[in-house]
Each structure stands twice: as C-alpha cells, then as structure tokens.
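Asks: starting from these lines, generate the structure:
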Amino acid sequence: MRVLIADDHELLRDFFDAWLRKEGIEVTAACDLPAALEIARKAEPFDLVLLDFRMPGMDRLDGLARFLAEGKGAAVALMSGNAARDVVEDALRMGAAGFLSKVMPPNEFVAAVRAMAKGDRITLQDDPSAPRAASIDATPPGALTRRERDVLEKLCEGKSDADIARDLGLGEPTVRLHLKTLCRKLGTPDRAAAADLARIAGMV
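Replies: Have a look, this model is predicted:
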C-alpha cells in the first residue's frame, strides 16, 4: 500500500509516517498542496492521499477539488484537528474518501487509512450508531479521559509535574502516570512531543 501525506507541520508528518511504516505501509510526504500535486504527477498512482485541510495551498475545499482532478484517480481524504460539520459534508459530496481527526489514536488512524485505501468512506460523525462514529470536533471517545485532557492542558502551558499536581489537586506520581498514558495514547516519545502534537492538532 502506498500513501501520500501532505501536512505543513513536520512533527505531525513524522508521527503519521512512523505510525504507517510500522504497519508496513509505504509513505511519501509533502509539506503543502503544490508539493503534493507535483509528487502525484510524477509518481505512480497512490492508494490513498491524505491532505491537511488547513495547510498552505488548500484554500479550504478548493485544494481537495484540485487533487481529485489531478491525482490520477487516487482516493483522497482530508485531515484536521477540527472541522465544521458542513465542511465535512461538503468534502464527502465532492468525492473525498473521508475526513479524519488528527487526534485519532494511532491504531484507529492506521485502520482508517487501510479502509479508505480499499474503497471505504470513513468520517467521524455525531451519530453514535454510525460505524466508526465520534465527534469530528473532539478526540474519539475513550482516547483521552477528562482528567487526561486537564493534565494535557497544563502540560501545554509549560507547567512542571509539581505545578500540575498542585493545580489539579493530584499527587505527583498520579500526574506522572497520566503523562505516561498520554504519551502512549498520542503515540509520542515524550511529554514535550505530546505537548507539541496537542498544540498543532488543536487539542488545547
């Protein structure tokens, strides 16, 4: 399976690349829409193209339209930290293979990529009965608890373990446990990377 990922944030590209390569998926990366289009023109058709909805060159859904027209028939999906429901629905009507949240847990992200590459349409919806459903504006249910989100917010403020413990009324060992869990769920190697990912993806 060959996937092209276009995102202007290098850290996120590295995360996506690592998640997919670990599952044996070949990844090519681009930093904006023009670069992604140039790669697509020169390469064999990709099984799936993932475009950051807010990166340079996208101009909202115009970038999706351009890639659908020039991408040699590849399935094209959008990614964002959050997106309004009407934007998601418009993208699907235009022919997008899906619209993913950047803060999906790694296993769900990889599963969605495989499904879209095979022709499935994947989106995060408000309807709890819909397949693979979750809110498009939030981390999928079960990914982060409310307390983990509180810890993550404090972490992004640059606070130490002791500061976080004091602000939230927790013990420092409990804070360290939450931080370890956050890194695992977000697929990051350390707390600094977790904070960077949270800021980039609009989680805080």
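
Asks: the strands in the chain, which residues?
Replies: 2-6, 26-30, 48-52, 75-80, 98-101, 122-123 (DSSP state E).

Asks: show the average pLDDT along the shortest one.
Replies: It refers to strand 122-123. Mean pLDDT, strand 122-123: 80.

Asks: need the per-residue pLDDT for the residue nearest to residue 57 when sequence neighbours are not counted.
Replies: Nearest non-adjacent residue to residue 57, counting by C-beta to C-beta, 6 or more residues apart in numbering: residue 33, 3.1 Å away. All C-beta atoms are positioned from the backbone trio N, CA, C, and that covers glycine. We have a pLDDT of 94 for residue 33.

Asks: for the nearest residue in space to residue 50 that is not next to it in sequence, what are its contacts?
Replies: Leaving aside its sequence neighbours, residue 50 sits nearest to residue 5 (C-beta to C-beta, 6+ apart; 4.7 Å). Residues in contact with residue 5 (C-beta atoms under 8 Å, 6 or more residues apart in numbering) are 13, 16-17, 20, 27-30, 49-50.

Asks: repeat for residue 201
Replies: Residues in contact with residue 201, defined by C-beta under 8 Å, 6+ apart, are 12, 81, 102-103.

Asks: from residue 147, how far off is the residue nearest to residue 57?
Replies: Applying C-beta to C-beta, to the nearest Å, the value for residue 33 to residue 147 is 38 Å.

Asks: could you do residue 192 as well?
Replies: Using C-beta to C-beta, we find residue 192 at a distance of 21 Å from residue 147.

Asks: between the two, which one's more packed in?
Replies: More neighbours surround residue 147 than the other of residue 192 and residue 147, with 14 against 11 (other C-beta atoms under 10 Å).

Asks: for that one, give me its contacts.
Replies: With C-beta under 8 Å, 6+ apart, residue 147 has these contacts: 168, 178.

Asks: switch the cut-off to 7 Å
Replies: Residue 147 sits next to residue 178 when contact means C-beta atoms under 7 Å, 6 or more residues apart in numbering.

Asks: distance of residue 154 from residue 186?
Replies: Using C-beta to C-beta, one gets 15 Å for the distance from residue 154 to residue 186.

Asks: could you chop the chain up by domain?
Replies: 2-123, 146-200 (automatic domain parsing).

Asks: winner for burial among those?
Replies: Neighbour counts (mean count of other C-beta atoms under 10 Å) averaged over each of those peak at domain 2-123, with a mean of 18.

Asks: worst-scoring helix or strand of the chain, pLDDT-wise?
Replies: Least confident helix or strand of the chain, by mean pLDDT, DSSP states H and E, is strand 122-123 with a mean of 80.

Asks: which elements pack onto that one?
Replies: Packing partners of strand 122-123 (3 or more C-beta pairs under 7 Å, 6 or more residues apart in numbering; DSSP states H and E): strand 98-101, helix 106-117.

Asks: which residues sit in contact with the residue nearest to the spatial centre of the chain?
Replies: Residue closest to the average C-alpha location in the chain (C-alpha atoms, centre = their mean): residue 102, at 1.7 Å. The contact partners of residue 102, taken as C-beta under 7 Å, 6+ apart, are 12, 79-81, 201.
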